[in-house]
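[1] could you work out the structure for the sequence below:
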Amino acid sequence: MPNTKGYARKLLGGGHHYQSLYEDFVQTAMLKAWENRHSFVPGTNLKAWLFTILRNCVVTYHRRHWREVVTDQPGDESLSDGNSNPEHAVAARQTIDRIQLLTQQHKDALIDIGWHGLSYVQSAKRRKVPAGTIKSRVARARQTLSQLTGSDEFHYGRLKQPGLLGASP
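    Residues are numbered from 1 along each chain as shown. Predicted coordinates:
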């Protein structure tokens, strides 16, 4: 345990604002190691195996953390504050309508990845298909949605023309 705590501190850096989370990462890594103890090969380096799990926990956290929205507003961020632009509601409705035009497989893949935040591998396990199939379905769904929205207006959820629907490029 002391070695993994030290490695976690080193991974997170001295002045990093995640420094206080190093024990959480170590605990998560130990839990994952225990849950996957059947995959450890006896006679190999246990310390290196634990360090790899710990590093992967930190990397996964950083990949997901940048998507989190930090706000000083109290309450649920999914609820409208009443000051939002009504054109956003129209744009959201249009997006939902376009998603309904996709095949069920493409909708399921997009919902798993975009809404539920699953990885491609997690979605693949859930759908009992290879991860490459999920990647392909998401890519095709994005391509179809891009065609439905018109390539001159939208590009991966960002408006190209300033002022359209009250958003900037």
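[2] and for stretch 44-53, what are the contacting residues?
    Asn3, Thr4, Tyr7, Ala29, Met30, Lys32, Ala33, Asn36, Phe40 (CB atoms under 8 Å, 6 or more residues apart in numbering). C-betas here are computed from N, CA, C, even on glycine.
[3] now with 7 Å?
    For stretch 44-53, contacts defined as CB atoms under 7 Å, 6 or more residues apart in numbering pick out Asn3, Thr4, Tyr7, Ala29, Lys32, Ala33, Phe40.
[4] try stretch 132-145
    Arg98, Leu102, Gln105, His106, Ala109, Leu110, Ile113, Tyr120, Ser123, Ala124, Arg127.
[5] flag every buried residue along that stretch.
    Under the neighbour-count criterion of 16 or more other CB atoms under 10 Å, stretch 132-145 has Thr133, Ile134, Arg137, Val138, Arg140, Ala141, Arg142, Thr144, Leu145 buried.
[6] can you name the two of the contacts of stretch 132-145 that are farthest apart?
    Arg98 and Ala124 (24.7 Å; CB to CB).
[7] more crowded one of those two?
    Neighbours were tallied for Arg98 and for Ala124 using other CB atoms under 10 Å; the higher tally belongs to Ala124 (19 against 15).
[8] can you check the pLDDT for the more buried one?
    The score at Ala124 is 91. That number is its pLDDT.
[9] tell me which element it falls in.
    Assigning secondary structure by DSSP states H and E places Ala124 in helix 120-127.
[10] could you do Phe51 as well?
    In the assignment (DSSP H and E), Phe51 maps to helix 46-65.
[11] now the helix or strand just after that helix: buried residues?
    Later in the chain than helix 46-65, the nearest helix or strand by DSSP H and E is helix 86-100. Across helix 86-100, burial judged by 16+ other CB under 10 Å covers Ala91, Ile99.
[12] the helix or strand just after helix 86-100: which residues count as buried?
    Next helix or strand after helix 86-100 toward the C-terminus (DSSP H and E): helix 104-110. Counting neighbours by 16+ other CB under 10 Å, one finds that the buried residues in helix 104-110 are Gln105, His106, Asp108, Ala109, Leu110.
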